[in-house]
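K.L.:
here are the coordinates; sequence isn't available:
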């Protein structure tokens with residue numbers, strides 16, 4: 001379940017990033033968050049394939065795995081918030 005949630009978050013960030021970029025407002029914080037989610041999705045995909053090679057189910061749909069997925073998405077959201085705040089602080093300092 002964590003893989004599905006991470007892929008959904010990566011797709012959402014990718015869509016938002018390219019929509020913002022199309023409007024001429026590329027966001028480095030969104031780009032970094034997008035890459036972090038795609039990296040996590042790749043990591044979970046390798047884990048799922050390794051589990052399948054060991055005879056376990058490809059996707060784990062347990063409650064614990066869903067909680068882990070929520071934690072990963074929350075951590076990515078916190079990363080985005082920290083990057084946005086750091087960018088705003090940097091802009092204020094350089095403007096002063």
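P.N.:
Noted; the coordinates are in hand. Quantities reported herein were computed from a predicted structural model and do not represent experimental measurements. Numbering: from 1, shown residues only.
K.L.:
where along this structure do the helices fall?
P.N.:
2-22, 28-53, 63-95 (DSSP state H).
K.L.:
would CSV of these with mean pLDDT and mean neighbour count be doable?
P.N.:
For every residue, glycine as well, the C-beta is placed using N, CA and C. CSV is the format used below for these (pLDDT from 0 to 100; neighbours: other C-beta atoms under 10 Å):
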stretch, mean pLDDT, mean neighbour count
helix 2-22, 93, 17
helix 28-53, 92, 16
helix 63-95, 91, 13
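K.L.:
what sits against the residue nearest to the spatial centre of the chain?
P.N.:
The residue lying closest to the centre of the chain (C-alpha atoms, centre = their mean) is residue 37, at 2.5 Å. By C-beta atoms under 8 Å, 6 or more residues apart in numbering, the residues touching residue 37 are 6, 9, 10, 13, 76.
K.L.:
residue 75 is in contact with the first one, correct?
P.N.:
Read that as residue 6. No - using C-beta atoms under 8 Å, residue 6 is not in contact with residue 75; the gap is 10.4 Å.
K.L.:
so who does the closest residue to the residue nearest to the centre of the chain other than its chain neighbours touch?
P.N.:
Counting by C-beta to C-beta, 6 or more residues apart in numbering, residue 37 lies nearest to residue 10, which is 3.7 Å off, once chain neighbours are set aside. Neighbouring residues of residue 10 by C-beta under 8 Å, 6+ apart: 34, 37, 38, 40, 41.
K.L.:
and what of residue 63?
P.N.:
Residue 63 neighbours (C-beta under 8 Å, 6+ apart): none.
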